[in-house]
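Visitor: Could you look at this predicted model? Sequence included:
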Amino acid sequence: MAHSWRCMRPKITRLPRTVPSPEGKPVRPEAPDNQRFMETVALDGSSWTPELARLTGEIFDSFAATWTEERGDYRPAPLIDALERGDPPAEGRCLELGSGTGILTPSLRSRWPEVVCLDLSMQMLGRQRHGRQVQGDASSLPLADASFDVVVVGDGPLFAAEIVRVLRDVGTVIWSNALGSGAPYHLKTSVICDALASASPTANWTGVESEALWGSWVVLHRRPA
């Protein structure tokens with residue numbers, strides 16, 4: 001019974017792709033190694049350290065000046081598809097983790113009037129013009145329990161314990177990867193489900209997933225047992 005929560009892994013409904021994947025997908029050579037570490041982080045948050053958070057913030061600070069220009073044309077597609085077909089709630093408060101320069105934020109603000117944007121990188125946040133900006137580490141959110149209806153992670157680490165802590169009992173988690181299995185922060189849906197189920201073992205989760213352009217997405221809905 002030590003791992004009985006695995007029996008509660010949600011059944012995921014897979015929707016057919018409606019946004020085609022053209023040629024020219026960017027290649028991130030670091031993706032396989034980073035994905036392996038991100039799976040470790042998702043299933044064991046203690047593997048993420050303050051030093052690693054500091055280093056990650058510095059790395060993304062160095063990307064900030066060109067981030068939107070280099071990635072802004074393709075990153076929103078999976079999230080937009082998730083919002084259209086994943087049945088997220090139409091009301092409430094939204095938390096965007098790893099918001100960066102705000103490439104995804106306008107799509108979130110088109111659905112939720114209050115969007116809080118959190119990122120490690122001050123240089124990234126300094127270029128963010130939408131939502132409310134908070135500098136912080138998603139592994140230790142400076143936010144109140146049960147204060148959000150929706151938590152969105154777009155190409156960032158998964159800290160399941162903190163997500164379920166700030167999520168309301170009836171809440172939704174949206175996971176979006178701009179390059180799908182080629183993204184450095186991509187996780188298999190089974191890993192996401194296991195991490196969330198472990199962090200919230202008494203809840204009922206249901207999910208929908210699909211792909212769009214070069215990316216992939218998963219929308220998971222939590223309800224009390």
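Guide: Received it, and whenever you're ready, just let me know what you need.
Visitor: Tell me the buried residues in stretch 188-200?
Guide: Thr189, Val191, Ile192, Cys193, Asp194, Ala195, Leu196, Ala197, Ser198, Ala199, Ser200 (16 or more other CB atoms under 10 Å). Just so you know, the C-beta spots here come from the backbone N, C-alpha and C atoms, and that holds for glycine as well.
Visitor: Let's verify the fifth one: helix, strand, or coil?
Guide: Pointing back at Asp194 there. helix (DSSP: H, G, I helix; E, B strand; the rest coil).
Visitor: Would you mind measuring from it to Arg14?
Guide: Separation of Asp194 from Arg14 (CB to CB, to the nearest Å): 17 Å.
Visitor: What's the mean pLDDT across the longest helix seen in the chain?
Guide: The single longest helix within the chain, with elements called by DSSP state H, is helix 50-71. The average pLDDT within helix 50-71 is 94.
Visitor: tell me which strands and helices that helix is in contact with?
Guide: Using 3 or more CB pairs under 8 Å, 6 or more residues apart in numbering; DSSP states H and E as the contact test, the elements touching helix 50-71 are helix 122-125.
Visitor: right, and the helix or strand after the helix it packs on?
Guide: strand 132-135 (DSSP states H and E).
Visitor: for the residue nearest the centre of the chain, helix, strand, or coil?
Guide: Per CA atoms, centre = their mean, the C-alpha nearest to the average position across the chain is that of Val153, at 1.5 Å. Assigned with three-state DSSP, Val153 falls in the strand class.
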